[in-house]
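1. A predicted structure for the sequence below; I have some questions about it.
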Amino acid sequence: MESLQNHFLIAMPSLHDTFFERSVIYICEHDEKGAMGIMINRPIGIEVNELLLQMQLKEEPEVITSLGSKVLIGGPVTPERGFVLHTPQSTWNSSQSLTDELMLTTSRDVLSALGSNAAPEQFIVALGYAGWSRDQLEQELAENSWLSIPATTELLFNTEYEERWQQATKSLGFDIWQLSNQTGHA
């Protein structure tokens, strides 16, 4: 299967009553070893400013009013670990370039910069990630648990959290509620 890196996974309606119900996941890595992604549409219930205070990174952080102001649930794997998906900057200790438009940073120094002039232009802060072992994601795709579309920075950074699943499904060009979750062979 072709790599789904830099794609969104869109949860099918059949994932109702699961952790991933109506989720949109940005796929950061996908290779023969498995896949890793960040859920981009489920706020945890705290603001980035609150997280910075709790982590004692800033005494009085500047108020972040952008769309990236909420901390998201990135996924069920290592929910105590933070990830920042952001526009490119090469100044952080632990960053991985994902595309020409996106980087993923896991070091605390990027968090310290949020709310300041040194912060990335656009960012998402998430706790935890979604992970799949070898061939697991391919199996879930074959079972019609997910659809995929190429990622866009518009959906990633400029669409309200609660609208991301609906906007992602609209980009497919059909009504996702009309799809069957049954698989078969012709």
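-> Nice, I can see it. Residues are numbered from 1 along each chain as shown.
2. in the worst-scoring helix or strand of the chain on mean pLDDT, which residues are buried?
-> For the chain, counting by mean pLDDT, DSSP states H and E, helix 48-54 ranks last in confidence among helices and strands (a mean of 83). Buried positions in helix 48-54, judged by neighbour count with 16 or more other CB atoms under 10 Å: 48-49, 51-52. Glycine gets a C-beta too; all of them are placed from N, C-alpha and C.
3. wait, residue 52 touches residue 111, no?
-> Yes: applying CB atoms under 8 Å, one finds residue 52 in contact with residue 111, separated by 6.3 Å.
4. and the strands in the chain, which stretches?
-> Assigned by DSSP state E, the strands in the chain fall at 7-11, 24-31, 34-39, 43-47, 70-73, 77-86, 95-97, 103-105, 123-133, 146-150.
5. could I get these as TSV with mean neighbour count and mean pLDDT?
-> Listed next are those as TSV, based on neighbours: other CB atoms under 10 Å; pLDDT from 0 to 100:
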stretch	mean neighbour count	mean pLDDT
strand 7-11	24	96
strand 24-31	22	97
strand 34-39	23	98
strand 43-47	14	93
strand 70-73	21	95
strand 77-86	17	94
strand 95-97	14	91
strand 103-105	23	94
strand 123-133	21	96
strand 146-150	16	95
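6. wait, which of those is closest to residue 164?
-> Nearest to residue 164 among the strands of the chain is strand 24-31 (4.8 Å), distances taken as CB to CB.
7. now for that closest one, which elements pack on it?
-> Applying 3 or more CB pairs under 8 Å, 6 or more residues apart in numbering; DSSP states H and E, we find strand 24-31 packed against strand 7-11, strand 34-39, helix 164-170.
8. pull up the pairing partners for it, direction included.
-> Strand 24-31 sits in its sheet next to strand 7-11 (antiparallel), strand 34-39 (antiparallel), going by DSSP bridges.
9. got JSON lines for the strands of the chain, with distance to residue 166 too?
-> Converted to JSON lines, these look like this (distance: least, CB to CB, whole Å):
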{"stretch": "strand 7-11", "distance to residue 166": "10"}
{"stretch": "strand 24-31", "distance to residue 166": "10"}
{"stretch": "strand 34-39", "distance to residue 166": "15"}
{"stretch": "strand 43-47", "distance to residue 166": "16"}
{"stretch": "strand 70-73", "distance to residue 166": "17"}
{"stretch": "strand 77-86", "distance to residue 166": "21"}
{"stretch": "strand 95-97", "distance to residue 166": "30"}
{"stretch": "strand 103-105", "distance to residue 166": "25"}
{"stretch": "strand 123-133", "distance to residue 166": "18"}
{"stretch": "strand 146-150", "distance to residue 166": "13"}
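10. ok, which of those strands comes nearest residue 173?
-> Closest of the strands of the chain to residue 173 is strand 146-150, at 10.0 Å (criterion: CB to CB).
11. neighbouring contacts of the closest one?
-> Contacting residues not belonging to strand 146-150 are listed as 4, 6-12, 27, 137, 140-141, 168-169, 171-172, 176 [CB atoms under 8 Å, 6 or more residues apart in numbering].
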